[in-house]
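**Q** requesting a structural model of the entry that follows:
(one chain, ligands or ions: 1)
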Amino acid sequence: MAPPSHPTWWHTGVIYQIYPRSWADADGDGVGDLQGIISRLDYLSETLGVDSLWLSPFYRSPQADFGYDVADHCEVDPMFGTMEDFDRLVAEAHRRGLRVIVDFVPNHTSDRHPWFFESRTGRNSPRRDWYVWRDPAPDGGPPNNWVSHFGGSAWTFDEASGQYYLHLFLAEQPDLNWRNPEVERAMHDVLRFWMDRGVDGFRIDVAHAIAKDPLLRDNPPAPVPDDGYKISAEFSSQRHVHDMADPDIHPMFRKIRRVVDGHPDGRDRYTVGEIHEFDWERWASYYGEALDELHQPYNFALLLTGLDPAKIRWAIEGVETAMPPGAWPNWVLGNHDEPRIVTRFGWEASKAAAVLLLTLRGTPTIYQGDEIGMEDLDIPPERQQDPWGRRMPGFGRDGCRTPMQWSEGEHAGFSPPDTPSTWLPVHPDYPRRNVASELADPDSHLSLYRRLLALRRSRPVLQLGDIELAGEEPNPLAYRRILAGEDDLWVVLNLSDDAVAVPAAVAGRVLVGTDRGREGGPVPDTLGPWEALVVG
Ligand code: TEU
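**A** Predicted coordinates:
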């Protein structure tokens, strides 16, 4: 569990995810934009104190899946601004010491991408093979049993050519064929394009889906349907062994890594792959044995474990044991696809969740708005936007995508006051839950996040130290962070509704606590429900 041999910004820093539609709207059309982001960069660097930002897609797109359907990888959608705005955003971010990570969506494009237009012109199109086209099964049905993440068959029939095309998501998101070297090259060029513009890293959308079984065999049935993490009965009735994560994914990742590391400007860049994988050995394999694949596969363990202390111990041990030597972990508690932290765990528990996320060993990613304790909004059916929710009631992701709450002003300060309406409604709790009011309140979520982030900055042990789990019982969850010969500190979290004794070994002064009144004082004998402390 040694620290990385060459620690750089993505090892030590904290990443903040911006969902551009919902963070800051400068031009008053009710949708966030790049100018809005530029105007709020000080919030990230000064107020909050994070180190980098990840931008969900802002590329030209018909927005069938809100940007995850890209129609031009190398153009900014006019809804978000211009390429000049993007260049300014990067320059302004860098001026503040913030790194910029952009979303890379390799698995599919929009059905309005020029490549797909050309591909669907007919079987003889020079780009036919850029996507996955197959003849119907003998009964005329889809070529295999794969299902879309968003419900229904993963195949759509094209009358004109008499073939089906594959889409693991919407029919408006046809899958690219990464087994075609021209596709691979074109997508590598996309990476180069953004690196040339100064971006520091890529979050790779459904990264492992780019490698499918070359024979496109049926997925076998799942003996016991999955544990139901966010997936429909239809999706979990199959073992997803052929529609994604084919072993050929490894050379594909190695090539992506070579492109990213090989950029002539020689900057330290980062790739993180969106991979929902909870078999730790398999998960860890995406680092590459020689650490030559992804810098990190996302670790979504906490989305599965929730705040169950025994399960979190399982995840910490699993992750730490499985990683190849020198690999660096990461932790995620929310993103634009998940119900929000407060919604999942409740108000008090969400403070303990903040302590957990920002003190575990590894790179944390904060999803916009979680730092002020935003909650999901129940969107009435007629205002629902997410195509997944519209197709499959109950699976909608709009709730966590409502506009960022900046102030108690009109539209929560997200859009200019005279904006007619915002693309999703603002959560009605905004008059009390917003950045401005929380800044003025030392007991707010935002104040807790700021104290934790400031502590992380001032104590390298929190950035790079080892982690050692302590205690006999699962709860309280207690661990030490240790930077050999330099520094160490304790983290102790009561992940329950009952008071619990603090293990005797936990000694020192309270540095940060969910209960601010404890800070600066000695370690108490017991922790109240959902109380968490950093002690050193
Ligand atoms: O998410 C895709 C993804 O794999 C999961 O959220 C998936 O939906 C879940 O595991 C159920 O199977 C990414 C983006 O984050 C999301 O916003 C996009 O809609 C999706 O890819 C398609 O690009």
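**Q** residue 496 contacts residue 531, correct?
**A** No: using C-beta atoms under 8 Å, residue 496 is not in contact with residue 531, being 10.0 Å away. In this view, the C-beta of every residue, glycine as well, is placed from N, C-alpha and C.
**Q** what's the helix or strand for residue 456?
**A** Using DSSP states H and E, residue 456 sits within helix 445-458.
**Q** against which helices or strands is that helix packed?
**A** When contacts are defined as 3 or more C-beta pairs under 8 Å, 6 or more residues apart in numbering; DSSP states H and E, helix 445-458 packs onto helix 347-359, helix 435-439, helix 460-464, strand 510-513.
**Q** need these in CSV (columns: distance to residue 49).
**A** Formatted as CSV, the helices and strands packed on helix 445-458 follow (distance: least, C-beta to C-beta, whole Å):
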stretch, distance to residue 49
helix 347-359, 11
helix 435-439, 13
helix 460-464, 13
strand 510-513, 13
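**Q** now tabulate those in a markdown table and tack on mean neighbour count and distance to residue 284.
**A** Formatted as a markdown table, the helices and strands packed on helix 445-458 follow (neighbours: other C-beta atoms under 10 Å; distance: least, C-beta to C-beta, whole Å):
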| stretch | mean neighbour count | distance to residue 284 |
| --- | --- | --- |
| helix 347-359 | 22 | 21 |
| helix 435-439 | 18 | 37 |
| helix 460-464 | 20 | 19 |
| strand 510-513 | 23 | 31 |
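**Q** quick one: contacts of the helix holding residue 456?
**A** Residues outside helix 445-458 that contact it (C-beta atoms under 8 Å, 6 or more residues apart in numbering) are 14, 47-50, 350-351, 354-355, 358-359, 366, 371-373, 435, 438-439, 441, 462-463, 511-512, 514, 516, 519, 534.
**Q** which parts of that helix are buried?
**A** 445, 446, 447, 448, 449, 450, 451, 452, 453, 455, 456, 457 (16 or more other C-beta atoms under 10 Å).
**Q** same deal with stretch 263-282?
**A** Neighbour count says stretch 263-282 has 267, 269, 270, 271, 272, 273, 274, 275, 276, 277, 278, 280 buried, by 16+ other C-beta under 10 Å.
**Q** stretch 74-86 too?
**A** Applying a neighbour-count criterion of 16+ other C-beta under 10 Å, one finds 76, 77, 79, 80, 81, 85, 86 buried in stretch 74-86.
**Q** in strands, which of the residues you listed appear?
**A** Mapping those onto strands (DSSP state E) picks out residue 76.
**Q** just the helices in the stretch 301-450 of the chain please.
**A** Under the criterion DSSP state H, counting those that start in this stretch, helices of the stretch 301-450 of the chain are mapped to 301-305, 309-322, 341-345, 347-359, 387-391, 435-439, 445-458.
**Q** export the third one to PDB, keeping only CA atoms.
**A** C-alpha atoms of helix 341-345 as PDB (Å, rounded to 0.1, in the frame of the first residue of the first chain):
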ATOM      1  CA  ILE A 341     -26.500  11.800  -0.900                       C
ATOM      2  CA  VAL A 342     -29.000  13.500   1.400                       C
ATOM      3  CA  THR A 343     -31.900  11.800  -0.500                       C
ATOM      4  CA  ARG A 344     -30.300   8.400   0.000                       C
ATOM      5  CA  PHE A 345     -29.000   8.700   3.600                       C
END
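**Q** pull out the buried residues from it.
**A** For helix 341-345, the neighbour count (16+ other C-beta under 10 Å) marks 341, 342, 343, 344, 345 as buried.
**Q** give the contact list for the fourth one.
**A** Read it as residue 344. Applying C-beta under 8 Å, 6+ apart, we find residue 344 in contact with 306, 338.
**Q** could you do the third one as well?
**A** With contact set as C-beta under 8 Å, 6+ apart, residue 343 has these partners: 375, 376, 399, 400.
**Q** rerun that using 10 Å as the cut-off
**A** Going by C-beta atoms under 10 Å, 6 or more residues apart in numbering, residue 343 touches 334, 350, 374, 375, 376, 377, 378, 399, 400.
**Q** tally of neighbours for the residue in the chain positioned nearest to the ligand?
**A** Distances between the chain and the ligand by C-beta to the nearest ligand atom are smallest at residue 68, namely 3.3 Å. Using other C-beta atoms under 10 Å, residue 68 is surrounded by 24 other residues.
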